[in-house]
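# requesting a structural model of the entry that follows:
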Amino acid sequence: MFNPEQKDNSQTILVVDDDKEIRDLLSEYLTKYGYKVLLAKNGAEMERTFALKKNVNLVLLDLMLPDTDGFTLCKKICQISNIPIIILTAMDNETDRVLGLELGADDYQVKPFNPRELLARIKAVTRRTSERGLQKSLKDAGYKIYRFAGWKLDTAMRRIFLPDQTEVILTSGEYDLLLTFLESPQRVLNRDQLLESVSDRHFESFDRSIDVQVSRLRQKLGDDPKNPKIIKTIRNGGYMFAVPVKYE
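The predicted structure is shown next:
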């Protein structure tokens with residue numbers, strides 16, 4: 001099993017796409033804006049990159065690859081890390097976007113794309129990740145441990161644990177969404193409020209994106225989607241974190 005999470009101060013983007021023109025375009029464009037860029041033309045090359053312990057801060061992941069599909073790779077990355085993922089897809093349909101979010105992707109970009117728009121999405125995702133990461137060294141300025149329904153969320157380490165201390169891996173989007181709920185327990189939050197907290201972008205997102213992320217978070221928390229106890233759906237309102245929350 002590969003381990004893509006390595007500590008480094010630079011921002012490195014891994015582009016996984018079988019189209020050489022796209023790889024070359026993104027390498028040149030992103031390098032111009034100060035990013036380090038690693039390239040892989042298929043899933044095997046992606047895994048070899050991680051096996052070499054290359055630092056990766058974000059993955060741009062094409063869905064259509066010659067040796068595997070991007071959904072499989074997305075799921076694999078999210079099972080063992082919280083590295084942000086932006087899906088690249090030539091198929092502009094809601095099914096693919098929803099499935100990508102369900103598997104843990106943070107955002108998506110439809111091909112063909114304007115590099116400036118993709119750069120804006122990259123900056124939004126990496127900004128959220130960097131801001132959350134700063135909490136590790138700011139224990140005296142907002143560091144908290146939240147407890148709810150037997151769970152413990154450590155904001156300094158950005159880690160969440162079951163009552164038996166087993167850690168559950170959250171993507172950056174899932175973490176941001178959960179933290180938003182924990183900061184406003186037993187209050188109804190509409191979809192626009194939740195979308196703003198997890199996307200940090202002002203351009204349009206498709207309607208179901210926040211519902212997909214809530215569903216994914218419920219699954220991680222073991223919250224029965226047919227009769228949720230932790231995150232309740234409020235008809236014509238949005239969602240509410242229904243259980244008591246304590247922090248220290």
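# show me the shaky parts of this protein.
For the chain, the stretches flagged by pLDDT under 70 are 1-9, 92, 128-143, 199-207.
# quick one, strands of it?
With DSSP state E as the criterion, the chain has strands at 12-16, 36-40, 58-62, 85-89, 107-110, 145-148, 151-154, 159-161, 167-168, 188-189, 231-234, 238-241, 246-247.
# how is this protein partitioned into domains?
Domain ranges of the chain: 12-133, 138-247, per automatic domain parsing.
# show me the contacts for Ala90.
By CB atoms under 8 Å, 6 or more residues apart in numbering, the residues touching Ala90 are Leu63, Met64, Val110, Lys111. For the C-beta atoms, the positions are set from N, CA and C on the backbone; glycine is no exception.
# do Pro66 as well
The contact partners of Pro66, by CB under 8 Å, 6+ apart, come to Asp18, Lys41, Asn42.
# correct me, but the second one touches Ile22?
No - here Lys41 lies out of contact with Ile22, judged by CB atoms under 8 Å, at a distance of 10.1 Å.
# pull out the buried residues from stretch 24-34.
Buried residues in stretch 24-34, counting neighbours by 16 or more other CB atoms under 10 Å, are found at Leu26, Ser27, Leu30.
# tabulate those (CSV), appending distance to Ser215.
Compiled in CSV, the buried residues of stretch 24-34 are given as follows (distance: CB to CB, whole Å):
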residue, distance to Ser215
Leu26, 31
Ser27, 35
Leu30, 32
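# just the buried ones from the contacts of Ala90?
Leu63, Lys111.
# distance to Ser197 added to the contacts of Ala90, as a markdown table?
Below are the contacts of Ala90 laid out as a markdown table (distance: CB to CB, whole Å):
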| residue | distance to Ser197 |
| --- | --- |
| Leu63 | 26 |
| Met64 | 31 |
| Val110 | 24 |
| Lys111 | 28 |
